[in-house]
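Novice: sequence below, structure please.
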Amino acid sequence: MSTSPEDREPNDRARDAEGARAADDAPTTGAEPSFTPQEGTGTEPSFAPREDSGAEAAAPRGEGEAPTEPGPGGALSAETLALTALVLLAVTVFSGQLLQLFTTMVLIGDQPVPVDQVTQFSIQVIISGLSAAVAALVAGISLLMTRAGTRPWARWVATTALIVSLLLVLLAVVTYILMPAGTEMQQPPF
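Specialist: Got it, this is the predicted structure:
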C-alpha cells in the first residue's frame, strides 16, 4: 500500500527534490516560528510569530480576534439578496422594453401619437422602471447587510446590480419625460 498519487512512482526521488525546491522558493504567507531565545527567559526556543512575516504584519489582529471566514448563507443573507438583484436586473435588461421605448420616444419627436398608444407606452415604461427600482432596492439592501465575513463576489454583484439598475431607473424617467402628449386622431371622412 502506498500513499503516493497513482500517477507517479513511490520511489521517484527526483520529483520529491523538485517539490522541496519549489516549496523553499514559495513566498511565506503566515507566521513562522522563531527559534531564537526571548529576552529574560533563558535559552528556551520561542515559537512566537516573527514581526516581519508577510500577511500577519500587513493586517494585525487584536487579541482573541479570529480571522474572518465567510459566514453561513441563508435565505436572507447578503449573498442571496445579491443574486436576487442580479436576476431582477436580468429580467429588466433582457426584456429590452426600456431601451426600445427610449429609442421610440427619441425617434417620434413631435409627431402626433394616438392617446391609446401613449397610454400603452407609459404603462410599459412604468413597469420597466419599477422593475429596475426593485432591483436597485434589493441590491442596496444586500450591500447594507454585508459584514466582514461576506464573500467578496456578493459585494461585487450587489454593487454592479445597484449601479446598472439605477442607470435603468434614470433611463425610465428620461423616457417618461420624452413621451409626447397623446392626440385624438381624426377619422378620415368617407
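
Novice: and the gap between Leu88 and Gly96?
Specialist: Distance of Leu88 to Gly96, given as C-beta to C-beta, to the nearest Å: 15 Å. All C-beta atoms are positioned from the backbone trio N, CA, C, and that covers glycine.

Novice: any idea of the mean pLDDT in stretch 144-156?
Specialist: Averaging pLDDT along stretch 144-156 yields 85.

Novice: cool, and stretch 180-190?
Specialist: 72.

Novice: thinking again about what came up before, quick one, which of Leu88 and Gly96 is more surrounded?
Specialist: Using other C-beta atoms under 10 Å as the criterion, Leu88 and Gly96 rank with Leu88 on top: 21 against 10.

Novice: contact partners for Leu99?
Specialist: Leu171 (C-beta atoms under 8 Å, 6 or more residues apart in numbering).

Novice: may I see the buried residues of the host helix or strand of it?
Specialist: Using DSSP states H and E, Leu99 maps to helix 97-108. Under the neighbour-count criterion of 16 or more other C-beta atoms under 10 Å, helix 97-108 has 97-98, 101-102, 104-105, 108 buried.

Novice: can I get those residues in TSV including pLDDT and distance to Ser165?
Specialist: Converted to TSV, these look like this (pLDDT from 0 to 100; distance: C-beta to C-beta, whole Å):
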residue	pLDDT	distance to Ser165
Gln97	85	15
Leu98	87	11
Leu101	88	17
Phe102	89	16
Thr104	87	22
Met105	86	20
Ile108	84	26
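
Novice: nearest to Val138, out of those: which one, please.
Specialist: Nearest to Val138, judged by C-beta to C-beta, of the buried residues of helix 97-108 is Leu98 at 17.8 Å.

Novice: distance of that closest one from Ala78?
Specialist: Per C-beta to C-beta, Leu98 is found 27 Å from Ala78.

Novice: can you check Ala181 too?
Specialist: Counting by C-beta to C-beta, the separation of Ala181 from Ala78 is 44 Å.

Novice: looking at those two, which has the bigger crowd around it?
Specialist: The residue with more neighbours, out of Ala181 and Ala78, is Ala78; 24 against 8, by other C-beta under 10 Å.

Novice: state the phi and psi torsions of the residue nearest to that one when sequence neighbours are not counted.
Specialist: Nearest non-adjacent residue to Ala78, counting by C-beta to C-beta, 6 or more residues apart in numbering: Met145, 4.2 Å away. Here the main-chain torsion angles of Met145 (degrees, to the nearest 10) amount to phi -90, psi 0.

Novice: quick one: contacts for Met145?
Specialist: Counting by C-beta under 8 Å, 6+ apart, Met145 touches 76-78, 81.

Novice: return the member of these nearest to Val138.
Specialist: Closest approach between those and Val138, by C-beta to C-beta: Leu81, at 5.5 Å.
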